[in-house]
Every structure is written in structure tokens, then in C-alpha cells.
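>>> Any chance you can model this:
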Amino acid sequence: MSVSEAQPPAPLALKLAIALGLVINAGLAALLIGISGFVFGGPEGARGEASAVLGWGSTLAICLLSPALGLWMWRRNRRDLALAMMWLPPLAFLVGVVAVF
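The predicted structure follows:
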């Protein structure tokens with residue numbers, strides 16, 4: 001897409017979906033940080049088994065990087081990819097919760 005071919009403005013529903021996904025990702029990251037001390041034994045949170053700490057850290061990184069890259073895609077007019085990247089961590093969390101119960 002060239003510079004002269006501008007996309008029409010995004011609908012309000014799409015903007016709200018992106019904003020809600022961003023808020024949910026922030027809450028998910030806060031939840032992961034908040035309960036890490038209970039899971040790994042202490043406020044520093046790295047006393048657990050190495051594979052568990054690595055999995056926990058990569059999950060936190062995905063919760064932070066996916067929305068950031070989603071916003072970057074939004075600025076590049078890739079709205080479909082931005083929406084998918086924004087909602088991937090919350091949907092994966094829901095699948096994980098359903099699989100556990």
C-alpha cells in the first residue's frame with residue numbers, strides 16, 4: 001500500500017475491541033506478576049524449577065509484547081493482524097483455564 005492510498009478511519013467497534021484487549025492484557029500481566037510470589041515462594045519469584053520459571057517468564061513476555069506489537073501493526077494499518085495480536089493472550093488464557101477445569 002503506498003502512502004497516497006490511505007485507509008478509511010477505523011470503526012468505533014474495532015477501536016473499542018483493541019482498547020478492551022489492551023486493558024485485558026494489562027490485567028493478565030498484573031495477575032501473573034501478582035501471583036508469582038505465591039507460586040515460586042517469595043517476592044523475588046525465581047526460586048522455582050527452571051522450566052516453570054522459564055514458562056512463567058515467557059508467558060509474561062507474550063502478555064507484554066503481543067499488545068505492543070499489535071499497536072505497532074495498528075499504526076501500520078494492519079488492523080486485522082493488530083486485533084489478532086491483541087486478543088491472542090486472553091484467548092489462550094481462557095483455553096488454558098477451560099483445559100484445567
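
>>> Counting neighbours, which bits of stretch 56-75 end up buried?
By neighbour count on 16 or more other C-beta atoms under 10 Å, the buried set for stretch 56-75 is 56, 59-60, 62-64, 66-67, 70, 73-74. C-betas here are computed from N, CA, C, even on glycine.

>>> Looking at these, which is nearest Ala6?
The nearest member of the buried residues of stretch 56-75 to Ala6, counting by C-beta to C-beta, is Trp74 at 14.4 Å.

>>> returning to that earlier point: among the buried residues of stretch 56-75, which ones are in strands?
Nothing among the buried residues of stretch 56-75 maps onto strands, per DSSP state E.

>>> Include pLDDT and distance to Val97 when you put those into a markdown table, please.
As requested, the buried residues of stretch 56-75 are arranged in a markdown table below (pLDDT from 0 to 100; distance: C-beta to C-beta, whole Å):
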| residue | pLDDT | distance to Val97 |
| --- | --- | --- |
| Trp56 | 84 | 16 |
| Thr59 | 88 | 13 |
| Leu60 | 89 | 17 |
| Ile62 | 91 | 16 |
| Cys63 | 90 | 15 |
| Leu64 | 91 | 20 |
| Ser66 | 93 | 18 |
| Pro67 | 92 | 20 |
| Gly70 | 93 | 22 |
| Met73 | 93 | 27 |
| Trp74 | 91 | 27 |
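
>>> Out of the residues you listed, which two sit at the greatest distance?
Farthest-apart pair in these is Trp56 and Trp74; separation 28.0 Å (C-beta to C-beta).

>>> As JSON lines, the buried residues of stretch 56-75 with distance to Ala50 would be great.
Below are the buried residues of stretch 56-75 laid out as JSON lines (distance: C-beta to C-beta, whole Å):
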{"residue": "Trp56", "distance to Ala50": "11"}
{"residue": "Thr59", "distance to Ala50": "15"}
{"residue": "Leu60", "distance to Ala50": "16"}
{"residue": "Ile62", "distance to Ala50": "19"}
{"residue": "Cys63", "distance to Ala50": "20"}
{"residue": "Leu64", "distance to Ala50": "21"}
{"residue": "Ser66", "distance to Ala50": "24"}
{"residue": "Pro67", "distance to Ala50": "27"}
{"residue": "Gly70", "distance to Ala50": "30"}
{"residue": "Met73", "distance to Ala50": "33"}
{"residue": "Trp74", "distance to Ala50": "36"}
